[in-house]
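**Q** sequence and predicted structure, then a few things I'm wondering about:
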Amino acid sequence: MLAPMTRFDRYQFDQGTVDVHAAWTTSEVRTTIEEILEHWQHRLPQDRDARIVLKPNLNNDLVALVGNCVDLRVLCSLIEGLLNRGYRNLVLADGSNVGVDRRDIDSFKRLRVDKLRDRYGIEVLDLNKDEGLRVALHAGARPVIARTILESDFLISIPKVKTHCEAGLSCAMKNWVGICTGQEKREMHLDLGRNIFAVNEAVIPDLILVDGLVGMEGNGPGDGEPFRFGYLMASDNAFLNDLVVSRLVDMPVDQVPYLVHAIDAGHLTPALQAQVLERVPVIRPIKRAPARSRLAELAEARSLFWLKKAVRPALEAPGVMETAYRLKIIQDVYSRVDDTITGFHKREGVCGECTRCEDYCPTHLSAAEIGVKQDPDDCIQCLYCWWVCPKDAIELHGELNHLARQVDRYKDLVEAF
């Protein structure tokens, strides 16, 4: 039997602190993030003009409710909490994966992150297009780290909890791959585990806020299955944070290469590991990522990159991509055609007393307001209400296009939370 968790647990060690909060609905997320900001007020800049960079995991264009990207409920609540404390120089910044970047897909637009810029008056920046500084890591890797990250006054890392087919687990330390610009992320894969560890030694976040509302397990980070986890976490140490998270999801550290390197370097001592095992309960075992196929490993081989690049136009054909996906060579099949959703409405007499949509609305609209208030100041058209609706009560205006594949793959799973 798994050990029960209270609504809030604080784990303090010599190396740092990890707070674990139970949360699920929008109201709970807002309250919890307010509590986190209060608990960690001593870490926040005293200067209200400090440039605070929020670095979420926006790996690709998969809607956050499937467990891949950071939930807009978390981002909205965090931004509101910082603005309410007088911080005005906020930057929301990330760089999606190399496949998204190479196809020039605007994942910020698809995820509705761009709408946060207008709603809150903050800067939203694609790190893939940022200038940067080349940093030497391991195995010949010399990625360019975004200047926006390096020149920030205060860095908040906002990772997800999910499996990763190469890294085992993706959380705070893996989130830092996204501070590398554009195609430079390929450099990290020369020795991914070691380079994840190395980039976390090179650039240290000031605060970590983990989005563990919906996790992804199995064939993560781009083709796994979502699961309801229901926790937010805060920490001041990325190494410790991921050690604790690995325990919460029952992922042995020897299956997470970057944690192995952190152990070897002395960041995670045997005594600390023993304390975590003793004090931190397993909340919910996560289904491991399957072993990568030989074809998938060959497709990423650096020695064959010239060949992959030469035949890339043929590989982009839809039929070829689908075949590669079925053979488990790739996880992501991207459409270049954005959705054209311009709004939605509720069908009368269908909802009954159901208010599930209200629990997921990032902008805190009530069930009665959802589908009615669609001004940009009220609704960011994230479609979370539509994704979670179990009664087919919401009708969209426009074409799904790139969302169609996600809907076929995930909507029934999301409705079942």
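**A** Perfect, I can see it now.

**Q** need the per-residue pLDDT for the residue of the chain most remote from its centre.
**A** Ranked by distance from the centre of the chain (CA atoms, centre = their mean), the top residue is G349, with 36.1 Å. G349 carries a pLDDT value of 87.

**Q** and the strands in the stretch 301-417 of the chain?
**A** With DSSP state E, counting those that start in this stretch as the criterion, the stretch 301-417 of the chain has strands at 343-346, 394-397.

**Q** redo the ones you listed as JSON lines? Include mean neighbour count.
**A** (C-beta placed from N, C-alpha, C; glycine too.) Formatted as JSON lines, these follow (neighbours: other CB atoms under 10 Å):
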{"stretch": "strand 343-346", "mean neighbour count": "16"}
{"stretch": "strand 394-397", "mean neighbour count": "15"}
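
**Q** got CSV for those, with mean pLDDT and distance to D19 too?
**A** Output for the strands of the stretch 301-417 of the chain, formatted as CSV (pLDDT from 0 to 100; distance: least, CB to CB, whole Å):
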stretch, mean pLDDT, distance to D19
strand 343-346, 91, 36
strand 394-397, 95, 35
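
**Q** I'd like those strands as TSV, with distance to P281 appended.
**A** Output for the strands of the stretch 301-417 of the chain, formatted as TSV (distance: least, CB to CB, whole Å):
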stretch	distance to P281
strand 343-346	41
strand 394-397	38
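
**Q** tell me which of those lies nearest to P143.
**A** For the strands of the stretch 301-417 of the chain, the distance to P143 is smallest for strand 394-397, at 39.4 Å, taking CB to CB.

**Q** direction included, what does the closest one pair up with?
**A** Counting by DSSP bridges, the strands paired with strand 394-397 are strand 343-346 (antiparallel).

**Q** low-confidence stretches in the protein?
**A** 1-6, 293-315, 327 (pLDDT under 70).

**Q** please repeat the previous calculation with a cut-off of 90.
**A** The model of the chain has pLDDT under 90 over residues 1-7, 139, 290-333, 348-349, 352-353, 374-377.

**Q** domains of it?
**A** 8-292, 295-326, 343-398 (automatic domain parsing).

**Q** quick one: which of these is nearest V337?
**A** Relative to V337, the nearest member of those by CB to CB is domain 8-292, separated by 10.0 Å.

**Q** and the end-to-end length of that closest one?
**A** By CA to CA, to the nearest Å, the extent of domain 8-292 from end to end equals 37 Å.

**Q** and it, how far out from the chain's middle?
**A** With CA atoms, centre = their mean, to the nearest Å as the basis, domain 8-292 stands 6 Å off its chain's centre.

**Q** how about the strands in the stretch 151-300 of the chain?
**A** Going by DSSP E, counting those that start in this stretch, the stretch 151-300 of the chain shows strands at 154-158, 160-164, 168-170, 207-217, 225-235.

**Q** and the fourth one, what other elements does it pack with?
**A** Spelled out, it's strand 207-217. Helices and strands touching strand 207-217, as assessed by 3 or more CB pairs under 8 Å, 6 or more residues apart in numbering; DSSP states H and E, comprise helix 26-39, helix 72-84, strand 154-158, strand 160-164, strand 225-235, helix 238-248.

**Q** dump stretch 328-337 to CSV, keeping only the CA atoms.
**A** Extracted as CSV, the C-alpha positions of stretch 328-337 are listed here (Å, rounded to 0.1, in the frame of the first residue of the first chain):
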residue,chain,number,x,y,z
LYS,A,328,8.8,3.5,-33.0
ILE,A,329,11.6,5.4,-34.8
ILE,A,330,10.0,8.7,-33.9
GLN,A,331,7.5,9.8,-31.2
ASP,A,332,6.1,13.0,-32.9
VAL,A,333,4.2,13.3,-36.1
TYR,A,334,3.7,17.1,-36.7
SER,A,335,1.2,18.8,-38.9
ARG,A,336,2.3,22.2,-40.3
VAL,A,337,-1.4,23.4,-40.4
